[in-house]
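>>> Prediction below, plus the sequence it came from.
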Amino acid sequence: MATVKFRVLHQSETAQIYVRLSVSRSVTPQTKIGLTINSKNWSVANAAPIQKTPELKKLAIQLDEFKLHLIKSYNSDYSEGVIFNKAWLDDVVQKYFGRVDDVIENSNTDEGAEEDDNYFSVYLNKHIKFKEGLKETKKEYVNKLKNLRDRFSEFEEQRNHKYLILNVSAEVLANFKNYLIVDCSLAETTSSRFIKNFKTVLFYANDNDGKPLHNKVRGFSPGSTNGEFKIYLNFREIDKVKKVVTLDKDWNTARDWLVIGCFLGQRVGDLFRITNKDIFTKIDYNGITYRFVEVMQEKGAKRVVVPLHSEVESILLKYGGQFPPVFSENEDSNATLFNRYLKKVCEIAGIHDIIKGRMFNEETKKTEIVNAEKCYLISSHACRRSFATNFYGDKNYSTPQLMAITGHTTEAQFLNYIGKTADDWAMQTAKTFRKQSQSKTS
């Protein structure tokens, strides 16, 4: 059953009202209907005018009547085997509102544009279907591509233009990024990720399907995709977490996973896949036994081996040699619940230093940069970053040793991850030089 939804895409006093017909997941044509409204009088939640004046009530009735007409047109044409696309939707709109003889302003209404994969939006749809058919494709990546498709479709609607792959220039990418930030109210880092995914698809089209690219697109930088706030727990704070005892079973479990994570240095997805079956022992030439855990990191399919720290061993002992239970069998739900519980654990632990970070605002539905108590800014990623940052400061552990556990490929990548610069590295070396010099003179 097709569904109809009205939308207002821009904030202005004369914002265009769009109609979107959802026939299937891949067929969702959208077009302007030629009516406008002050965006302040539009309810996003109800997808309708806020009926506070007679004029707005009249507009709401007008939209309801057109919606019924559109559904009837769809049902009638469906039985005739009609192809539903933007051209069909435009025709229904023009006929209903009596604008059949008007010139529909569209800079790119080439016949066959709906099926020609030289157009980026068409190619992207085919690429998504291709990726969905591959077993190794992560659901998360497919969702990113679908988000890109939806956002770029809205961008094309705003511009009244369909872009050929060849015509996606650095300027187009810059304009699209600006659209994401200004019109969609996305954060700089989120917008940069969209551009990064956009370029990935473009390069795939060029490398695998021979699609020509604009000569300036490769040099366009997507911008920073790093959140820039390096939030972690130091050893003193981890000790506070260890002492938390509550009557809530989930909070106690989150406490133990948080401590384990800070000493195993893995991403949350990899962390929760570890079981006691991944533990093995080795004996050195002195006959001393050591225990390790083997982790196959999902990102990059990299195998790492992590020695079991005494802090991890003590928690395993509490669970009869097992790792703590997970919160959900669903991987995404598991991570979501862990993120929720660990904030409560850190709050109880008294981790209240005011720091800067990113927090989701329920009112604006946006992630914002705020100064807040550290306990509310901590996320599951603090596990890996805490391990890397805390042990980097210990002279007993070399950077390559730590990289072998975190899975970072280069030292520069590792130092950027924990927020260290070349100056920090030089200072650490200078201190070592001075210590060696002092030991010679004493």
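Cool, got the structure. Numbering: from 1, shown residues only.
>>> tell me which residues in the helix or strand harbouring Phe203 are buried?
In the assignment (DSSP states H and E), Phe203 maps to helix 188-209. Of all the residues in helix 188-209, those buried under the rule 16 or more other C-beta atoms under 10 Å are 190-195, 197-202, 205. Every residue, glycine included, has its C-beta placed from N, CA and C.
>>> how distant is that helix from the center of its chain?
14 Å (C-alpha atoms, centre = their mean, to the nearest Å).
>>> show me where pLDDT drops low in the stretch 151-300 of the chain?
Residues of the stretch 151-300 of the chain meeting the criterion pLDDT under 70: 224-228.
>>> Do a quick rundown of the helices in it.
For the stretch 151-300 of the chain, helices defined by DSSP state H, counting those that start in this stretch occupy the ranges 170-182, 188-209, 235-242, 249-264, 268-271.
>>> could I get the ones you listed as JSON lines with distance to Lys131?
Formatted as JSON lines, these follow (distance: least, C-beta to C-beta, whole Å):
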{"stretch": "helix 170-182", "distance to Lys131": "21"}
{"stretch": "helix 188-209", "distance to Lys131": "10"}
{"stretch": "helix 235-242", "distance to Lys131": "40"}
{"stretch": "helix 249-264", "distance to Lys131": "30"}
{"stretch": "helix 268-271", "distance to Lys131": "19"}
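>>> Minimum distance to Gln94: which of these has it?
In terms of C-beta to C-beta, the element of those nearest to Gln94 is helix 170-182, at 26.6 Å.
>>> so how far is the closest one from its chain's centroid?
18 Å.
>>> Just confirm Ser73 contacts Asp91, I think it does.
No - judged on C-beta atoms under 8 Å, Ser73 makes no contact with Asp91 at a distance of 9.2 Å.
>>> When these two are compared, which one has more neighbours?
Using other C-beta atoms under 10 Å, the more surrounded residue of Ser73 and Asp91 is Ser73, with 19 against 14.
>>> nearest spatial neighbour of that one, skipping sequence neighbours?
Distance criterion C-beta to C-beta, 6 or more residues apart in numbering; nearest residue to Ser73, sequence neighbours excluded, is Val92 at 5.1 Å.
>>> in the particular helix or strand that has that neighbour in it, what counts as buried?
Counting by DSSP H and E, the element that carries Val92 is helix 86-96. Neighbour-count burial for helix 86-96 flags 86-90, 92-94, 96 (criterion: 16+ other C-beta under 10 Å).
>>> Give me the longest helix you can find in this protein.
helix 54-78 (DSSP state H).
>>> what sits up against it?
2, 4, 6, 17, 19, 21, 23, 33, 35, 37, 41, 48-51, 84, 88, 92, 96-97 (C-beta atoms under 8 Å, 6 or more residues apart in numbering).
>>> Put the buried members of those into a PyMOL selection.
Of the contacts of helix 54-78, the buried ones go into a single PyMOL selection, burial set by 16+ other C-beta under 10 Å:
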select buried, resi 4+6+17+19+21+23+33+35+37+41+48+49+51+84+88+92+96
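>>> What about the contacts of helix 54-78, which are in strands?
Within the contacts of helix 54-78, membership in strands is found for 4, 6, 17, 19, 21, 33, 35, 37, 48-49, as judged by DSSP state E.
>>> Contacts only, for Ala430.
Counted by C-beta under 8 Å, 6+ apart, Ala430 has zero contacts.
>>> ditto for Glu156
121, 162-163.
>>> hmm, 6 Å instead?
Lys162 (C-beta atoms under 6 Å, 6 or more residues apart in numbering).
>>> related to what we said a few turns ago, quick one: work out the angle between the helix holding Phe203 and helix 170-182.
140 degrees (axes from the mean of the first three to the mean of the last three C-alpha atoms, to 10 degrees).
>>> Please put the alpha-carbon coordinates of helix 188-209 into PDB.
The C-alpha trace of helix 188-209 is given here as PDB (Å, rounded to 0.1, in the frame of the first residue of the first chain):
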ATOM      1  CA  GLU A 188      30.100  19.500  10.900                       C
ATOM      2  CA  THR A 189      31.500  16.100  11.600                       C
ATOM      3  CA  THR A 190      28.300  14.300  10.600                       C
ATOM      4  CA  SER A 191      28.200  16.300   7.300                       C
ATOM      5  CA  SER A 192      31.800  15.400   6.700                       C
ATOM      6  CA  ARG A 193      30.900  11.700   7.000                       C
ATOM      7  CA  PHE A 194      28.200  12.100   4.400                       C
ATOM      8  CA  ILE A 195      30.800  13.600   2.000                       C
ATOM      9  CA  LYS A 196      33.300  10.900   2.800                       C
ATOM     10  CA  ASN A 197      30.700   8.200   1.900                       C
ATOM     11  CA  PHE A 198      29.700  10.200  -1.200                       C
ATOM     12  CA  LYS A 199      33.300  10.200  -2.400                       C
ATOM     13  CA  THR A 200      33.600   6.500  -1.600                       C
ATOM     14  CA  VAL A 201      30.700   5.700  -4.000                       C
ATOM     15  CA  LEU A 202      32.100   8.000  -6.700                       C
ATOM     16  CA  PHE A 203      35.400   6.300  -6.600                       C
ATOM     17  CA  TYR A 204      33.800   2.900  -6.600                       C
ATOM     18  CA  ALA A 205      31.800   3.900  -9.700                       C
ATOM     19  CA  ASN A 206      35.000   5.000 -11.400                       C
ATOM     20  CA  ASP A 207      37.200   2.100 -10.400                       C
ATOM     21  CA  ASN A 208      34.700  -0.700 -10.900                       C
ATOM     22  CA  ASP A 209      32.200   0.500 -13.500                       C
END
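>>> packing partners for that helix?
Using 3 or more C-beta pairs under 6 Å, 6 or more residues apart in numbering; DSSP states H and E, the elements in contact with helix 188-209 are helix 120-132, helix 139-159, helix 170-182.
>>> What is the burial count for the nearest residue to Lys395 once chain neighbours are set aside?
Distances taken as C-beta to C-beta, 6+ apart place Thr432 nearest to Lys395, at 7.5 Å, with adjacent residues excluded. Neighbour count for Thr432, taken as other C-beta under 10 Å: 11.
>>> any idea how far Thr3 is from Thr432?
Counting by C-beta to C-beta, to the nearest Å, the gap from Thr432 to Thr3 is 66 Å.
>>> What of Ser386?
Separation of Ser386 from Thr3 (C-beta to C-beta) stands at 46 Å.
>>> Of these two, give the one with the bigger neighbour count.
Shown here are Ser386 and Thr3; by other C-beta under 10 Å, Ser386 has more neighbours (25 against 12).
>>> now the helix or strand hosting the more buried one: mean pLDDT?
Using DSSP H and E, Ser386 sits within helix 382-392. Mean pLDDT, computed over helix 382-392, is 92.
>>> Now do the helix or strand just after it and helix 382-392, the angle between them.
Toward the C-terminus, helix 382-392 is succeeded by helix 399-406 as the next helix or strand (DSSP H and E). Per the same axes, to 10 degrees, the angle that helix 399-406 makes with helix 382-392 is 160 degrees.
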